[in-house]
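In: sequence and predicted structure below; questions after.
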Amino acid sequence: MDLLHSQLAALQQKLSFVATDPIDWKFYVQAFSWGVTLFESYLLLRQYPLYSKTSPPEVLADHFDAEAFTKSQNYGKDKAKFSLITGLLKQALDSAMLHYGLYAFAWDMGGRTIAYFGYGSEYEILQSLAFAIVLFVISSIPSIPLSAYQTFVLEEKHGFNKTTPMLFITDLVKSWAIGFVIGMPFLAAFLYVFGWAGDRFVPWLMAFLLAFQIIMVIIYPTVIQPLFNKLSPLKEGELRTRTESLATKLKFPLKHLYEIDGSKRSSHSNAYFFGLPWSKHIVIFDTLIKESKPEEVEAVLAHELGHWYHMHPTKLLCVSQVHIFTILAMFPAFLHAPQFLRAFDFSEAVSVHPPTIVAFLLFQMILSPLEAVIGIALNFLSRQFEWEADRFACEIEERLSAPEMRDMGERLSRALITLHVKNLSTLWVDWLYSAYHHSHPTLTERLKALQAYQSKRDGAAKKEL
């Protein structure tokens, strides 16, 4: 542990310029954030012309009729327009908040709020909670009409919306309530660990964040998810039999098998698993069950269990821990730099002893370009995992010595095509746009890879004969 702290101290020494050099941090944040936004707008403009194509990629020509392809193109075009406008609008609002010192205003507002109840500035955690609430309210106001437009205009236009106005409002209130009930204690504990551990907070805070992630894995399906969707045990029948048999053969620790009423809000479909290492739950959207045959849903689940088999969630968790460690390791240099806060219009009285939450929030803004690059790297890693899970589904026959699963790759291909048709997913994708935004390979890429896996397997089988 002493070695770790000595290395962290050496890093802080290298970052000491943060507290000494006269740097216009507000300008850099404005430049960085606008740079990221304009780059994302550029990617959308690269992607947009592809929505004018009149026929699908050759590998998909036999699977998409003219009507389905046209619907997909129109949906993609409308989403791109919405994303371009909202991205620029949100950045303009964020930029205005920064330019006019809204963060300093929110901190002062938080101080006046707790003062009304008889608490002074020495109660930093309490003022930090009030600060977070003020910022949340201010930032939520413009997002509500945008969310409503997306749900009741864009999604409605293309036949996906199932949300009623009352359900929209109810979901909004529930999400705010959950954010308050979970977010406020989390933030208070987060700041307490900072204060308690002092300059040696990095390992303690990482342990706290990891524990929180594990707790959320436990309470999300049992407490939070039921507030929004109904999870019912999957009915007896072919699909349940196939799923339980597959889980048993793979020794997947399946505890519950659910059907979720995703159609309550949208006609999009999906399937996923969650849980602790010794107790897993599989959730299948009712829309997926309705639109696909049981053997095709089984293939989708074989892909999902491929993620479990290759420990992809665990690997991503480890990567995220390294990411978090890097951020926390650099943070003290900004926490102990009064002029850093002064650059964002905070008073000298506040800047002399920078509030942890304020310094951390502004520090995150400084990292925005780096986070964009890290996002591309994580997308690349995620796509590699998707290839591996697809290959697992194709090779499941050999792994389980189950001849009845020989066509699993073909079934997965059919299921993916059905999902893309029903979800009106984009078929023509610009490579750079995909690298930045997509955690999954495109449908064309996945189908070609599945065909290659199957051809290689069939070729090996012929050689053995």
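Out: Yep, it's here.
In: next, count neighbours for residue 232.
Out: Under the neighbour criterion other Cβ atoms under 10 Å, residue 232 is assigned a count of 11. Every C-beta, even on glycine, is put in place using the N, C-alpha and C of the backbone.
In: where does it land in three-state SS?
Out: What DSSP: H, G, I helix; E, B strand; the rest coil gives for residue 232 is strand.
In: Validate this expectation: residue 273 resides in a strand.
Out: Yes - assessed by three-state DSSP, residue 273 belongs to a strand.
In: skipping adjacent residues, who's closest to residue 229 in space?
Out: residue 260 (5.1 Å; Cβ to Cβ, 6 or more residues apart in numbering).
In: identify the bridge partners of that neighbour.
Out: Beta bridges link residue 260 to residue 231, residue 285 when assigned by DSSP bridges.
In: buried stuff in stretch 325-342?
Out: 325, 327-337, 339-342 (16 or more other Cβ atoms under 10 Å).
In: rounded mean pLDDT for that stretch, please.
Out: The average pLDDT within stretch 325-342 is 88.
In: picking that back up, from residue 286, how far out is the residue nearest to residue 229?
Out: Residue 260 sits 7 Å away from residue 286, taking Cβ to Cβ, to the nearest Å as the criterion.
In: so which of these two has more stuff around it?
Out: The neighbour comparison of residue 260 against residue 286 (other Cβ under 10 Å) goes to residue 260, with 23 against 18.
In: how near is the more buried one to residue 421?
Out: 21 Å.
In: residues in contact with residue 351?
Out: If you count contacts by Cβ atoms under 8 Å, 6 or more residues apart in numbering, residue 351 has them with 338, 339, 340, 341, 342.
In: just checking, the residue nearest to residue 229 touches residue 285?
Out: Yes - in this structure, residue 260 is within contact of residue 285 by Cβ atoms under 8 Å, at 5.7 Å.
In: show the contacting residues for the closest residue to residue 149 other than its chain neighbours.
Out: Closest residue in space to residue 149, ignoring its immediate chain neighbours: residue 82 at 7.7 Å, by Cβ to Cβ, 6+ apart. Applying Cβ under 8 Å, 6+ apart to residue 82 gives the contacts 149, 150, 154.
In: which one of those is nearest residue 353?
Out: Closest to residue 353 out of those is residue 150 (41.8 Å), distances taken as Cβ to Cβ.
In: give me the neighbour count for the closest one.
Out: Residues near residue 150, counting by other Cβ under 10 Å: 16.
In: cool, the one 4 residues further on as well?
Out: Residues lying near residue 154 (other Cβ under 10 Å) number 16.
In: go on, residue 400?
Out: Applying other Cβ under 10 Å, I find that residue 400 has 16 neighbouring residues.
In: kindly state the pLDDT recorded for it?
Out: Looking at residue 400, the pLDDT reads 87.
In: how about the contacts made by it?
Out: Per Cβ under 8 Å, 6+ apart, neighbours of residue 400: 249, 250.
In: low-confidence ranges, this structure, go.
Out: Scanning the chain for pLDDT under 70 picks out 1-2, 5, 267, 458-465.
In: strands along that one, start to end?
Out: Listed in chain order, the strands of the chain (DSSP state E) span 231-233, 254-260, 271-276, 279-285.
In: of those strands, which approaches residue 317 most closely?
Out: Of the strands of the chain, nearest to residue 317 by Cβ to Cβ is strand 271-276, at 12.4 Å.
In: quick one: strands adjacent to the closest one?
Out: Strand 271-276 is paired, per DSSP bridges, with strand 279-285 (antiparallel).
In: report how many residues lie close to residue 157.
Out: 12.
In: ok, it to residue 411 distance?
Out: Using Cβ to Cβ, residue 157 is found at 32 Å from residue 411.
In: residue 125: neighbour count?
Out: 18.
In: could you number the chain from 891 rather than 1 from now on?
Out: All right, first residue 891 from here; so that's residue 1015.
In: list the contacts for the residue nearest to it when sequence neighbours are not counted?
Out: For residue 1015, ignoring the flanking residues on the chain, the nearest one in space by Cβ to Cβ, 6+ apart is residue 1081 at 4.9 Å. Going by Cβ under 8 Å, 6+ apart, residue 1081 touches 1014, 1015, 1018, 1246, 1247.
In: wait, isn't residue 906 in contact with residue 1224?
Out: No - counting by Cβ under 8 Å, residue 906 sits too far from residue 1224 to count as a contact (11.3 Å).
In: neighbours around the closest residue to residue 1098 other than its chain neighbours, how many?
Out: In this structure, residue 1098 finds its nearest non-sequential neighbour in residue 1083, 5.1 Å apart by Cβ to Cβ, 6+ apart. Counted by other Cβ under 10 Å, the residues lying close to residue 1083 total 16.
In: measure residue 1322 to residue 1329 for me?
Out: In terms of Cβ to Cβ, residue 1322 sits 15 Å off from residue 1329.
In: show me the contacts for the residue nearest to residue 1142 when sequence neighbours are not counted.
Out: Nearest non-adjacent residue to residue 1142, counting by Cβ to Cβ, 6+ apart: residue 1195, 5.6 Å away. Contact partners of residue 1195, counting by Cβ under 8 Å, 6+ apart, are 1136, 1137, 1140, 1142, 1163, 1282.
In: give me the neighbour count for the third one.
Out: The one in question is residue 1140. 18.
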